[in-house]
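Enquirer: Return atomic coordinates for the entry below.
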Amino acid sequence: MKCSKATDYALHALLYMIKNDGASSRIPVQDLALALKVSTTYLSKILTRLVKVGIISASSGAKGGYQLKHGWQDVSIYEVIITIDGKQSLLEDSFNHAQVCPIKQIMDEAEHNLITHLEDKTLKDLAGS
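Expert: Just a heads-up that it's a prediction; the model follows:
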């Protein structure tokens, strides 16, 4: 699994929201983009994906912005990753060796361990850091 720059931005935007009262107030995208030093347009596209899966909510207007939705603490880091990047595999088996390939077995085990770890870590864990 490779995390893209978009996933990195999504996780950092969520961390910013957690640390800056984004659970009880809306944070304008301009503030998030400025804090993260990224394009407002690019960040808006990323945040739209998080809105679609219900991790955050969005409102427009003068007092609009993004806000963490109720239950944000239980959202896993893995859920954020697949929301932004989709499900990907660590190994592209160019030789199509099926399950008996020892390389594939090792990579599958590593990927399983990584996914399990990221599923066990939630946004609440970011709040404690």
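
Enquirer: Low-confidence stretches in this protein?
Expert: For the chain, residues meeting the criterion pLDDT under 70 lie at 1-2, 90-99, 129.

Enquirer: which residue is nearest the centroid of the chain?
Expert: When CA atoms, centre = their mean is applied to the chain, the residue found nearest the centroid is V80 (2.8 Å).

Enquirer: doesn't L47 make contact with that one?
Expert: No - assessed by CB atoms under 8 Å, V80 is found out of contact with L47, at 11.5 Å. The C-beta positions use only the backbone N, C-alpha and C, and glycine is treated the same way.

Enquirer: Identify the contacts common to these two.
Expert: Common neighbours of V80 and L47, counting by CB atoms under 8 Å, 6 or more residues apart in numbering, are A10.

Enquirer: Can you show me the helices along the chain?
Expert: For the chain, helices defined by DSSP state H occupy the ranges 5-19, 29-36, 40-52, 77-85, 102-120, 123-127.

Enquirer: next one: the fifth one to chain centre, how far?
Expert: Spelled out, it's helix 102-120. Here helix 102-120 is found 19 Å from its chain centre; the criterion is CA atoms, centre = their mean, to the nearest Å.
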